[in-house]
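[1] Whatever this is, show me its structure:
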Amino acid sequence: MEDNNHLEDYLKKHYIHRSNWLRAAVLGANDGILSTASLAIGVAAASSTREPIILATFAGLVAGALSMAAGEYVSVSSQTDIEKADIERERKELENTPELELKILTKIYEDRGLKKETAKQVAKELTDFDALGAHTRDELGINEVSKANPIQAALASGASFVFGGILPLAVVYIFPLKTIELYIYISSILFLIILGAFAAKTGGAKIMNSIVRITFWGTITMGITAILGYIFGVNL
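    Now for the predicted structure:
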């Protein structure tokens with residue numbers, strides 16, 4: 001029992017089990033900040049009043065959150081369907097050609113560095129214990145950590161988009177209209193820095209790399225949108 005508790009404590013130091021929901025959450029929050037901020041900047045560059053900016057930003061927030069959640073659900077569901085189909089195909093292969101599947105599993109372990117005799121023994125014991133589980137994990141590369149979860153991804157992505165999008169919307173409400181584009185840009189960059197640091201910290205990655213990456217592309221996105229707003233804008 002003590003050894004099991006020690007193993008669980010050790011595994012808590014790793015972050016790979018967070019990858020699925022963290023990816024969706026960071027993607028949603030990043031898109032929420034950038035989409036609504038870029039939309040607000042583009043409309044602000046072509047508008048002399050606050051109302052069109054608020055309306056466009058709010059509409060982009062609602063539509064973006066729904067689109068993000070639906071897109072994540074459909075995308076991850078497609079991945080889940082592929083995984084289920086592959087697992088079912090593997091189950092039939094184990095029923096029809098068990099000896100060939102044992103050889104394949106043995107070869108996989110040999111390629112990972114085990115001696116031929118050891119690889120064959122490991123493959124045989126794992127096959128006797130849980131053949132489908134062994135092939136699903138080691139031949140197909142599907143495990144509980146990487147397995148797709150459509151609902152989790154959709155909720156994480158949609159909710160984080162709303163959270164990210166509310167921040168630029170609040171800036172549009174609060175700050176002076178005269179230099180609103182500058183306020184939106186500066187605040188959004190700050191939001192992105194916080195998001196990048198949070199994502200890196202949660203995932204156990206280097207914080208500075210995440211911040212530089214997310215702010216660089218954020219600046220480009222908002223800059224291009226502002227330029228387009230000035231070029232094609234008319235007074236609203």
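[2] who's in contact with Leu34?
    Counting by Cβ atoms under 8 Å, 6 or more residues apart in numbering, Leu34 makes contact with 164, 188, 192, 218, 221-222. Quick note: C-beta positions are derived from backbone N, CA and C, even for glycine.
[3] would you turn those into CSV with secondary structure, distance to Leu126 and neighbour count?
    Below are the contacts of Leu34 laid out as CSV (DSSP: H, G, I helix; E, B strand; the rest coil; distance: Cβ to Cβ, whole Å; neighbours: other Cβ atoms under 10 Å):
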residue, secondary structure, distance to Leu126, neighbour count
Gly164, helix, 44, 30
Ser188, helix, 51, 26
Leu192, helix, 46, 27
Gly218, helix, 47, 23
Thr221, helix, 48, 17
Met222, helix, 52, 25
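[4] name the element the nearest residue to Lys116 once chain neighbours are set aside belongs to?
    Counting by Cβ to Cβ, 6 or more residues apart in numbering, Lys116 lies nearest to Glu110, which is 5.9 Å off, once chain neighbours are set aside. In the assignment (DSSP states H and E), Glu110 maps to helix 98-111.
[5] can you list the residues that contact that helix?
    By Cβ under 8 Å, 6+ apart, helix 98-111 touches 93-94, 116, 118-120, 122-124, 126-127, 131, 134-135, 138-139.
[6] try 7 Å this time
    93-94, 116, 119-120, 122-124, 127, 134-135, 138-139 (Cβ atoms under 7 Å, 6 or more residues apart in numbering).
[7] Now, of those residues, which are buried?
    93-94, 119-120, 122-123, 127, 134-135, 138-139 (16 or more other Cβ atoms under 10 Å).
[8] okay, and for this structure, where does confidence drop off?
    Within the chain, the segments meeting pLDDT under 70 span 1-24, 144-148, 202-205, 226, 229-230, 232-236.
[9] now the longest helix along it, how far from the centre of its chain.
    Ranked by residue count under DSSP state H, the longest helix found in the chain is helix 51-96. Remark: helix 51-96 is offset 11 Å from the chain centroid, using Cα atoms, centre = their mean, to the nearest Å.
[10] Packing partners of it?
    In this structure, helix 51-96 packs against helix 19-44, helix 116-138, helix 150-174, with contacts taken as 3 or more Cβ pairs under 7 Å, 6 or more residues apart in numbering; DSSP states H and E.
[11] repeat that with 10 Å
    Based on contacts counted as 3 or more Cβ pairs under 10 Å, 6 or more residues apart in numbering; DSSP states H and E, the elements that helix 51-96 packs against are helix 19-44, helix 98-111, helix 116-138, helix 150-174, helix 180-203.
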